[in-house]
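Chemist: sequence and computational prediction follow.
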Amino acid sequence: MASRAGPRAAGTDGSDFKHRERVASHYQASVSLKSEIRKLNLVHVLIWALVAAQVIVNYLSLVSHDVVATPYQWEYLYLLSIFPSIFSFMSMPRNNISYLVISMISAGLFCIAPLIYGAMEMFPVAQQLYRHGKIYRFIFGFSAVSVMYLVMVIAVQVHAWQIYYSKKLLDAWFVSTQDKKKK
């Protein structure tokens, strides 16, 4: 080791720094996956806010039921889907594995399960719409079942990617913790 005033360490000419400038791949993966998960969480919060707005507007009777339809039962269950995003956001700053695992499990329970239930709940109404053209509920002039199925398709994709990226991030964090244990 060289000091400011002393000689350079024996056996080095100062060009041995290149191997220290490389960033381990699991750290690069962690940064990019965290970024993707944050984006997906923001999209999920936006979807959640739309569903919450419909429930609140109906609950407080702010507009007529002809303008904004009464929410389906699955929409009340879907309001619990904010918890996976909260745990996901909490896991990011300090690479907290337990919060990320809770986020992944609760995403299946509070996000995917209500969407599956909702698809089954709305199926008879969708059949009536597409077989006979009968529309019973509206959201700003559009068929409520069509709008909600569109929201569900987007939400399923967001949650599936969120779980996928969370699993990849969990794997990257496990590599990081295994490297620390080896040292």
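Modeler: The structure has been received and is ready for your questions. Numbers count the residues shown, from 1 in each chain.

Chemist: element containing the nearest residue to V43 once chain neighbours are set aside, please.
Modeler: Distance criterion C-beta to C-beta, 6 or more residues apart in numbering; nearest residue to V43, sequence neighbours excluded, is V158 at 5.2 Å. Every C-beta, even on glycine, is put in place using the N, C-alpha and C of the backbone. Assessed by DSSP states H and E, V158 sits inside helix 144-182.

Chemist: over to S103?
Modeler: Using DSSP H and E, the element containing S103 is helix 97-107.

Chemist: touching that helix from outside, list them.
Modeler: 81, 83-85, 87-88, 90-91, 159, 162-163, 166-167, 169-170, 173-174, 177 (C-beta atoms under 8 Å, 6 or more residues apart in numbering).

Chemist: quick check: angle from the helix or strand that comes right after that helix to helix 97-107?
Modeler: The helix or strand immediately downstream of helix 97-107 is helix 113-132, counting by DSSP H and E. Helix 113-132 and helix 97-107 meet at an angle of 30 degrees, taking axes from the mean of the first three to the mean of the last three C-alpha atoms, to 10 degrees as the criterion.

Chemist: where does this structure dip in pLDDT?
Modeler: 1-26, 176-183 (pLDDT under 70).

Chemist: gap between the helix holding S103 and the chain center?
Modeler: The chain centre lies 11 Å from the centre of helix 97-107; the measure is C-alpha atoms, centre = their mean, to the nearest Å.
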